[in-house]
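Visitor: what follows is a predicted protein model with its sequence.
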There are 2 protein chains.
Amino acid sequence: MKKFEEKTISTENIFQGRIIQLDVDTVSLPNGHTSKRELVRHPGAVAVIALTKEGKLLLVEQYRKPLEKSIVEIPAGKLEEGEKPEVTARRELEEETGYTTDELTWVNSFYTSPGFADELVHIYFTDNIRPLKEAIGTDEDEFVELLELTLEETEQLEKEQRVHDVKTSYALLFLKLKNKNI
Amino acid sequence: MKKFEEKTISTENIFQGRIIQLDVDTVSLPNGHTSKRELVRHPGAVAVIALTKEGKLLLVEQYRKPLEKSIVEIPAGKLEEGEKPEVTARRELEEETGYTTDELTWVNSFYTSPGFADELVHIYFTDNIRPLKEAIGTDEDEFVELLELTLEETEQLEKEQRVHDVKTSYALLFLKLKNKNI
């Protein structure tokens, strides 16, 4: 759908980083006026809602520099170039939690901040996981700690703002709804 | 919580835009190494889950330049400096839909992309709205069209990826769960 399309007149690349790229586009608006749009380019990401046999949710605590605090999130990570989201999802699950799975079900894919960024996040679900024989470990500049919590415990962390990101809040609603439907 | 804290060694401001700011921080990691963090600063935003008397959801279609397509979202907008989220929520509802309310219930607040941005989105709910006597209109560079859809119709748009952003997908789970609990 191209309703109210904003046609690009010119693009200025401001920044090309390790993870994001920033462009400022000059655009032609539907009323003929011109305006500027600040656009963050992101490779996209995956996140995994993974339950243990006991029904506990796998979560990782990590420091998030933009927030200047550590928060508790479902396992997630950026897409590598050319990598299929399901492959990334399994890899991130393995690296961040030490569990693996042969069974990932796609749940949803959505843009996180469509006003200024093109980050698309793919969410997967599994309740069929097993521990890896050998730990893989995370990227060298990534420090995470695994938690396995009940839905109620995770909701309590959300009340305390230690769970504080949208994909984990989405996962909580997804799991509550799933329980209602059983 | 400051677990695995990444201490700032220096900050380089790359860009100061109309909406976002981009910094690159050099940080000291928990293992003593240094790394770079790309940080998008955003003023924060609000979104409103608003139901008509008939139980239809208010949605707006608008062009999202980062995605190069128009999508259908719950009404939302950026916080103005010093503005309380609830005030922004009512203002955006009025500007984008022509409805107002005296009754906004806070639902949740979450970071949308904690890996690279500090955007915090506050979600509100109301099922008590009334049309404004006079339309206010949106910002001069903003073009939106109002839709009033049932939950099922909105879910269908999600399947077609015309609903394609996380706050609207979150709203859909929120409303489904609400219906189950009645």
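Guide: Okay, I see it. What you see is a predicted model; the values in this text were computed from it and never measured. Residues are numbered from 1 along each chain as shown, chains lettered A, B, ... in the order given.
Visitor: list the backbone torsions phi and psi for the residue lying farthest from the centre of chain A.
Guide: Distance from the C-alpha centroid of chain A peaks at A:Gly32, with 36.5 Å (Cα atoms, centre = their mean). The phi and psi values for A:Gly32, taken as degrees, to the nearest 10, are phi 90, psi -10.
Visitor: and it, how far from chain B?
Guide: Look at A:Gly32 and chain B: by Cβ to the nearest Cβ, to the nearest Å, they are 12 Å apart. C-betas here are computed from N, CA, C, even on glycine.
Visitor: max-length helix in chain A?
Guide: Ranked by number of residues, the top helix in chain A under DSSP state H is helix A:166-181.
Visitor: might you calculate how far that one sits from the centre of the chain?
Guide: 15 Å (Cα atoms, centre = their mean, to the nearest Å).
Visitor: which residues are in contact with that helix?
Guide: Contact with helix A:166-181 is made by A:47, A:49, A:51, A:57, A:59, A:72-74, A:76, A:107-108, A:112, A:121, A:123, A:125, A:151, A:154-155, A:158, A:163, B:108, B:110-112, B:121, B:166-167, B:169-170, B:173-174, B:176-177, B:180, as judged by Cβ atoms under 8 Å, 6 or more residues apart in numbering or on different chains.
Visitor: which pLDDT value belongs to the residue farthest from the centre of chain A?
Guide: Looking at A:Gly32, its pLDDT is 92.
Visitor: measure it to B:Glu142 for me?
Guide: 15 Å (Cβ to Cβ, to the nearest Å).
Visitor: how about A:Lys176?
Guide: 34 Å.
Visitor: any idea how far chain B is from A:Leu93?
Guide: 17 Å.
Visitor: please apply the same query to A:Gly115.
Guide: Distance, A:Gly115 to chain B, by Cβ to the nearest Cβ: 7 Å.
Visitor: residues contacting A:Leu132?
Guide: A:Glu94, A:Gly98, A:Tyr99, A:Thr100.
Visitor: would JSON lines of these with secondary structure be doable?
Guide: As requested, the contacts of A:Leu132 are arranged in JSON lines below (DSSP: H, G, I helix; E, B strand; the rest coil):
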{"residue": "A:Glu94", "secondary structure": "helix"}
{"residue": "A:Gly98", "secondary structure": "coil"}
{"residue": "A:Tyr99", "secondary structure": "strand"}
{"residue": "A:Thr100", "secondary structure": "strand"}
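Visitor: farthest-separated two in these?
Guide: Across the contacts of A:Leu132, no pair lies farther apart than A:Gly98 and A:Thr100, at 8.4 Å, counting by Cβ to Cβ.
Visitor: any common contacting residues for those two?
Guide: With Cβ under 8 Å, 6+ apart, A:Gly98 and A:Thr100 have common neighbours A:Pro131, A:Leu132.
Visitor: rewinding a little: list the buried ones in the longest helix of chain A?
Guide: Using 16 or more other Cβ atoms under 10 Å in any protein chain shown as the test for burial, helix A:166-181 gives A:Val166, A:Lys167, A:Thr168, A:Ser169, A:Tyr170, A:Ala171, A:Leu172, A:Leu173, A:Phe174, A:Leu175, A:Lys176.
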